[in-house]
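**Student:** Provided below are the primary sequence and the corresponding predicted coordinates.
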Amino acid sequence: MKLLRASDHKRMPWKNGGGETVEIAVSPDGVGLADFDWRVSMATVASDGPFSVFPGIDRTLSILEGEGMTLFIEGREPERLTQESDPLSFAADAPTSATLIDGTITDLNVMTRRGRFTHSVLRISVDGNGKVEPKSETALILCHRGTAEINGAVLIAGDCLALSNEASTRHPISGSAQLFLIEIEAI
């Protein structure tokens, strides 16, 4: 178990130079955008435009802040993504562009290398006591809003708890928070 504080997340430019991303976690540690097996980040999107293309990568987006955006993914119908929407998965090598609904947004972006890893993203609301039981060997719990205590670790907005080799382990949660459970599985 490793606590990744929001204040320690790495800031870097987008691959296409159109904005900034906040890298929460990447594997292997310290690799660049061309070499990761998986990556979890947040990005602020302030204008309409194309997404960076990542060959051989699958991605899932969730809206964290703002009114949302409409995604135009080659080969698919346009998708309207808001804070209330389920996380949206698509191929990161499919040409994709976005139109903002009403102003700047912040999104959560989870990416895995196709053929080597898969992932899932689930939004969880906690108000009081609960539990989370990841099914994958690698899981991350991102605190989006509020405060949550998990296994004695207190998470505030932006903090992330990384769990390794704890598949099927029940983790008690207390507090009042909106969390994202990110599970990553080697194929």
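**Tutor:** That came in fine, so what should we check first? This is a predicted model, so every value here is computed, not measured.
**Student:** tell me how far stretch 180-187 lies from the chain's centre.
**Tutor:** In terms of Cα atoms, centre = their mean, to the nearest Å, the centre of stretch 180-187 is set 10 Å apart from its chain centre.
**Student:** and the contacts of it?
**Tutor:** Under the criterion Cβ atoms under 8 Å, 6 or more residues apart in numbering, residues 27, 38, 40, 62, 87, 108, 110, 112, 115-124, 132, 134-142, 144 lie in contact with stretch 180-187. For every residue, glycine as well, the C-beta is placed using N, CA and C.
**Student:** so, low pLDDT: which residues of this structure?
**Tutor:** For the chain, the stretches with pLDDT under 70 are 16-19.
**Student:** would you map the helices across it?
**Tutor:** In the chain, no helices are defined using DSSP state H.
**Student:** E23: what's it in contact with?
**Tutor:** Contacts of E23 by Cβ under 8 Å, 6+ apart are 9-12, 39-41.
**Student:** do that again at 7 Å, thanks
**Tutor:** E23 makes contact with 9-10, 12, 39, 41 under the criterion Cβ atoms under 7 Å, 6 or more residues apart in numbering.
**Student:** what subset of the residues you listed is buried?
**Tutor:** 9, 39, 41 (16 or more other Cβ atoms under 10 Å).
**Student:** which one of the residues you listed is nearest to I156?
**Tutor:** I156 lies nearest to H9 out of these, by Cβ to Cβ, at 13.0 Å.
**Student:** where's the closest residue to the closest one other than its chain neighbours relative to T44, distance?
**Tutor:** Spatial nearest neighbour of H9, excluding adjacent residues (Cβ to Cβ, 6 or more residues apart in numbering): V22 at 4.8 Å. V22 sits 8 Å away from T44, going by Cβ to Cβ, to the nearest Å.
**Student:** could you do L181 as well?
**Tutor:** 23 Å.
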